[in-house]
Structures are given as C-alpha cells and as structure tokens.
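# After the sequence you'll find the predicted model.
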Amino acid sequence: MAQARGQFSSKLGFILAAAGSAVGLGNLVAFPVMASKNGGAAFLIIYLLFVAFICYPVMMAEIAMGRRAKRNPVGAFDTISGGSAKWRLTGMLAIITPFMIAVFYTVITVWLVVYLKELASGGLDRLSQEQTFGEIVAAPSLFGYAIFLLVGVFLILLGGVKGGIERLARVLMPTLAIMLVALTMFVLTLDGASAGIAYYLVPDFTKMSLSTVNGALSQAFFSLSLGMGILITYGSYFSREDSIPGSARTVAVMDTGIAFFAGLLILPAIFAFDPNTNTDDLSTSSVGLIFSFLPKIFLSMQAAVGYLGATIVAIVFFLLVFFAALTSLVSIIEIPISYWIDEFNMSRRKAVLTQAALLTLFAIPATLSFGMSDFFTAFTSYGGLSKSFFDVVYDVFYETILPLVGFTVCLFTAYRWKMSGLTSELIIGDDNYEGSLLQRYLNFALGTIIPLVLFSVFVSTVIQIYL
Ligand code: PHE
C-alpha cells in the first residue's frame, strides 16, 4: 500500500468517533417514542438485554475483524478468509449498505440545515405550520443547501481519520452532551413535564408483543451502528494497545445513555405541550416527529418564555440533532472511502472525490423523491403502498438489511475465522478477556443464538414490509 493507514490517536479518540457514529436520529427521537409506545420501562429492559447479549458481542466481532485485517469491510472478509471469493462477496454487502444509507441520511441532514437557517431568521412559526415541511422538502433551493453541506462533510473527510473524523467528534460529542443536559433540565421545569416522565418510565408489560421485541432489537442494532461496516472500518483504525471489549462497552453505554436521556427531553416536552397526548398516536418515524411535530411544541413554549426564548430552545434542539446527524453521516461515508483507498490503491484525496461524485449522483434522485419529480416520488409500490426512490433506499438498506449483515458477521466469525481467531484478537490489549465469562458467552452464542435471532428479525421485517 502506498500510504500509511489512518489511525485514531487514542482509545478516547476511537470511543468518541464511534459514539459520534452511534448517536444519531435513532437515539434522539425514534428511541424515546418507541419506548413510550411499547410499555415504557418494560421496553427499556428488553432493549438493554438486547444491547448486552446480542449487540455487544456483534460489536466486538466487527471491531476485531477490522483491527485484525487492517482493511475496509470487503478487505476484512477477504483477508481473514484467506481470499475466499464467496466471503469477499459477502463483504460487499457491508460496503453497499453504508453507501446507500449515506444517500438518504444526506437528504435528511440537508433538511436539518434548512430548518436551522429558517429558525435563525425567525421562522419558528412558519416551521410549526402543517404544510411547511412538505414545502421545504419539495423546494429546488434544497440543492443549494445540499452543496453547502456536502462540501463541509467532504472537507472533514479529506482531513483523514485523526485530523477529520476524530477531531470533529472531539468537539461535537461533548457539546452535544452539554446541550442535551441543559435542554432537558429546562424542559423538566415546564408544567406537565412529569406526566411525560411517567409515560416514559412506568412499565406496562401489557403493551409488549412480538413486534415490540422485534422492534427493540432492530432499534438497538441500528442505534449502535452495527451491520453497516462502520465498526469494521473504525476497528481497522484502532490501536493494538487498547482493549476492544472495554472500548465497545463504553460506546454501547454512551449510546444507550444518550437515548435514555433523550427520552427525558422529548416526552416531557410533548406532555407539557398537551397533557392529554396519547403516545399511540405519535409516529415512530423520526422524520415526521422531528420535522412536523416538534416545531409545534417549541412554538407552544412561547407562552412561558416568549417567541425569542422558544426560538432559542428550538435552535439548541435542532443544532443537537444536526451535530448528531453530522457525526453519523461522516462515519458512514468513510466506509466506501476506505474501500476505495484499500482496494483500489487510491490516495485519500482521490477516494474522497470519487465518493463525493457517487454520493451526489444518488442523492439527487433521493432529494427529488418528495414531489419535485413525479418519477422518483411515485417510483414503485410494494406491501400495498406507493414508494418513492427515497423510501426504497430507506426500506431496503435501513430497515431490512442491517440484521442480515450482522448475521453474516456472526457466521463468518464463528465458522470461518473461528472463535479461536476472534479470541486471539480480543486478548490483544485486554489481559482480562481470556477465560472470562464474556469469552465463554461469546464462544457459545456468536455461532448459535445470536445469528439465529438476527436472522429471524430479518425474516420478520421482510414479511412486514414487502409482503
Ligand atoms: N446509529 C445512528 C442512529 O442512531 C444511525 C446511523 C449511523 C445512521 C451512521 C447513519 C449513519 O441514528
């Protein structure tokens, strides 16, 4: 290889970058609503069990694969399997998935930029009107904002692993945490906030069903950025001096902690707005909730803090979501970039430019999917619903494929690399792993129950969405 491979400067650098990837729209919005709809603390317990027993092991396996191979996902499947064409092809799934997720994630992040600009120019009342979201997503001016965002994102990526990705996370992650705490403290002072907390935290086991369990696992998986090739790639930048089990645990705790905290912000805010809110009526779609519903809630705060005060609260919230989305977006675009660098011997500069061109190419139809072009808006239909180009990308790559990629990671690790191979990587930088309970659990579960559970989630999602 022509150039030195990028590396995080320290364990903290890795943890912040991985947490930056993991903390996203899923934590801030989808998780709180899902939890309150599905039995509150009862859902939390199931979610935590999944994080600990299913996701955490997959997380370690992904990071270990990356660190062992020092390559992108395709390269990792290829190298560790000793050049098997079949496994290399499987690895392609872990490149195409992040590639396509980046497409629709870009579109959503552009909307956030538009909202911030609108708020900064005093337009909170406009954003809280029913028709505004539809107008914004269909406005050709989106392309101007998209160029602005993408230039920024690719400049960060040009800065490399340490100077770009890690530096961004070092600044944004602590800022995000402070803003989240400050905003939560403010919201908790509002009248009616306590009803939201009760809704969020009082366990109601009668609301649990098979689809809740399914939903909890998908949510945990995607929230931790699993099945997207991200942790394989970040693992390849992770030092051999540091512990994978320890770092993965910190990332999982941070991600879950922020999701939990976001619930203490979102639900009290919703209940302060309308004490009779029935959370069954709330959409779990982060998109609808953030862009259509929350602006109304912020506007309603003007009774307590005035229009300017309400605008400031809204700006802090949307900045928070924007920072979370930006660090996730950067992480996901890095995966195809690492692929171009490793497998095609490109310089980082050339890889970044290649990826910028490809992403733009796909982001255009995704942006046109909300009314600007009839062709892309009514692109196809399945499961009895009309679907836009954006919807197809979202359904296939976000909703469906992640557990399948996770499934292949488990099978690969357990049956090709073998548990002894995984263990030999996990003990590097971690003296306590060998012989631990954790090791015994992984040895047993990574080739059995974990892939089984992931595969069932995949099948039930397919049935739910496409049939
Ligand atoms: N983990 C992110 C979340 O919770 C999901 C994500 C990561 C999406 C990276 C895209 C890119 O929202």
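Done, it's in. Numbers count the residues shown, from 1 in each chain.

# CA only for contacts and neighbour counts going forward, please
OK.

# Spit out the contact partners of Phe261.
By Cα atoms under 8 Å, 6 or more residues apart in numbering, Phe261 lies in contact with 180-181, 184.

# tell me the phi and psi of it?
phi -60, psi -40 (degrees, to the nearest 10).

# Let me know the pLDDT of it.
Phe261 is assigned 92 on the pLDDT scale.

# Then Phe104?
90.

# what's the neighbour count on it?
Residues within reach of Phe104, counting by other Cα atoms under 10 Å, total 26.

# That one: what's it in contact with?
Contacts for Phe104 (Cα under 8 Å, 6+ apart) come out as 363, 366, 390, 393-394.

# Just the buried residues out of those, in ChimeraX syntax.
In ChimeraX, a selection of the buried entries from those looks like this (16 or more other Cα atoms under 10 Å):
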select :363,366,390,393,394
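
# Which one of the contacts of Phe104 is nearest to the ligand?
Nearest to the ligand out of the contacts of Phe104 is Tyr394 (Cα to the nearest ligand atom; 10.8 Å).

# what's the closest non-adjacent residue to Thr233?
Nearest residue to Thr233, sequence neighbours excluded (Cα to Cα, 6 or more residues apart in numbering): Asn72, at 5.1 Å.

# returning to what we had before: just the contacts of Phe104 that are near the ligand?
Checking the contacts of Phe104 against the ligand by Cα under 6 Å from any ligand atom, not one of them is in range.

# Quick one: the contacts of Phe261 as CSV, columns for secondary structure and neighbour count too.
Below are those laid out as CSV (DSSP: H, G, I helix; E, B strand; the rest coil; neighbours: other Cα atoms under 10 Å):
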residue, secondary structure, neighbour count
Leu180, helix, 22
Val181, helix, 16
Thr184, helix, 19
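
# Tell me, how many residues neighbour the residue lying closest to Gly26 once chain neighbours are set aside?
Among residues not flanking Gly26 along the chain, Ser223 sits closest, at 5.8 Å (Cα to Cα, 6+ apart). Neighbour count of Ser223, defined by other Cα under 10 Å: 25.

# Can you give me the neighbour number for Ile108?
19.

# Could you pull up the residues touching it?
Neighbours of Ile108 in contact, by Cα under 8 Å, 6+ apart: Val287.

# Offset the numbering so it begins at 427, please.
Fine by me, first position is 427 from now on; the one you just mentioned is Ile534.

# between the contacts of Phe530, which is closest to Asn702?
Taking Cα to Cα as the measure, Asn702 sits nearest to Tyr820 out of the contacts of Phe530, at 32.3 Å.

# per-residue confidence for the closest one?
Looking at Tyr820, the pLDDT reads 89.

# Quick check: it touching Ile527?
Yes. Contact criterion Cα atoms under 8 Å: Tyr820 and Ile527 qualify, at 7.1 Å.

# residues touching the residue in the stretch 627-776 of the chain that the ligand sits nearest to, list them.
In the stretch 627-776 of the chain, the residue that lies nearest the ligand is Ser649 (3.5 Å; Cα to the nearest ligand atom). Neighbour list for Ser649: 448-450, 452-453, 681 [criterion: Cα under 8 Å, 6+ apart].

# Pull the number of nearby residues for Leu893.
9.

# actually Ile891, sorry about that
For Ile891, the count of nearby residues is 15 (other Cα under 10 Å).

# The ligand contacts on the stretch 577-726 of the chain?
648-651.

# Dump these to CSV, plus distance to Tyr531, secondary structure and pLDDT.
Compiled in CSV, these are given as follows (distance: Cα to Cα, whole Å; DSSP: H, G, I helix; E, B strand; the rest coil; pLDDT from 0 to 100):
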residue, distance to Tyr531, secondary structure, pLDDT
Phe648, 13, helix, 90
Ser649, 14, helix, 94
Leu650, 16, coil, 97
Ser651, 13, coil, 96
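
# quick one: which of the residues you listed has the most company?
That'd be Leu650 among these, by other Cα under 10 Å, with 30 neighbours.

# I figured it was touching Val679, is that so?
No. If you go by Cα under 8 Å, Leu650 and Val679 don't touch, sitting 9.9 Å apart.

# Heading C-terminal from the lowest-mean-pLDDT helix or strand in the chain, find the next helix or strand.
When each helix and strand of the chain is scored by mean pLDDT, DSSP states H and E, helix 712-714 comes last, with a mean of 74. Downstream of helix 712-714, the first helix or strand assigned by DSSP states H and E is helix 720-726.

# Pull that following helix out as PDB, backbone CA atoms only.
The C-alpha trace of helix 720-726 is given here as PDB (Å, rounded to 0.1, in the frame of the first residue of the first chain):
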ATOM      1  CA  LEU A 720     -41.600  19.200  17.400                       C
ATOM      2  CA  PRO A 721     -41.700  22.700  15.900                       C
ATOM      3  CA  LYS A 722     -45.200  23.000  17.200                       C
ATOM      4  CA  ILE A 723     -44.100  22.000  20.600                       C
ATOM      5  CA  PHE A 724     -41.300  24.600  20.600                       C
ATOM      6  CA  LEU A 725     -43.700  27.300  19.500                       C
ATOM      7  CA  SER A 726     -46.100  26.500  22.300                       C
END
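
# For this protein, identify the residue most remote from the centre.
Ala729 (34.6 Å; Cα atoms, centre = their mean).

# and the helix or strand containing that one with the ligand, contact?
Ala729 belongs to helix 728-770 when assigned by DSSP H and E. Yes. Residues of helix 728-770 contacting the ligand under Cα under 6 Å from any ligand atom: 754-755, 758.

# ranking these by neighbours, who comes first?
In those, the most neighbours by other Cα under 10 Å go to Ile758, 27 neighbours.

# Isn't Val739 up against Ile723?
No. Counting by Cα under 8 Å, Val739 does not reach Ile723; the two are 10.4 Å apart.

# Next, count neighbours for Ile759.
A count of nearby residues for Ile759, using other Cα under 10 Å, gives 26.

# now Ala783
12.

# Do you know the pLDDT at it?
97.

# from the chain's centre, how far out does the helix or strand encompassing it sit?
Ala783 belongs to helix 774-793 when assigned by DSSP H and E. The gap between where helix 774-793 is centred and where its chain is centred comes out at 20 Å by Cα atoms, centre = their mean, to the nearest Å.

# picking that back up, if I look at the residue farthest from the centre of the chain, how far off is Thr753?
Distance of Ala729 to Thr753, given as Cα to Cα, to the nearest Å: 34 Å.

# do Ser862 as well
For Ser862, the distance to Thr753 - Cα to Cα - is 34 Å.

# and these two? which has more neighbours close in?
More neighbours surround Thr753 than the other of Ser862 and Thr753, with 26 against 10 (other Cα under 10 Å).

# for Asp617, helix, strand, or coil?
Following DSSP: H, G, I helix; E, B strand; the rest coil, we place Asp617 in the coil state.
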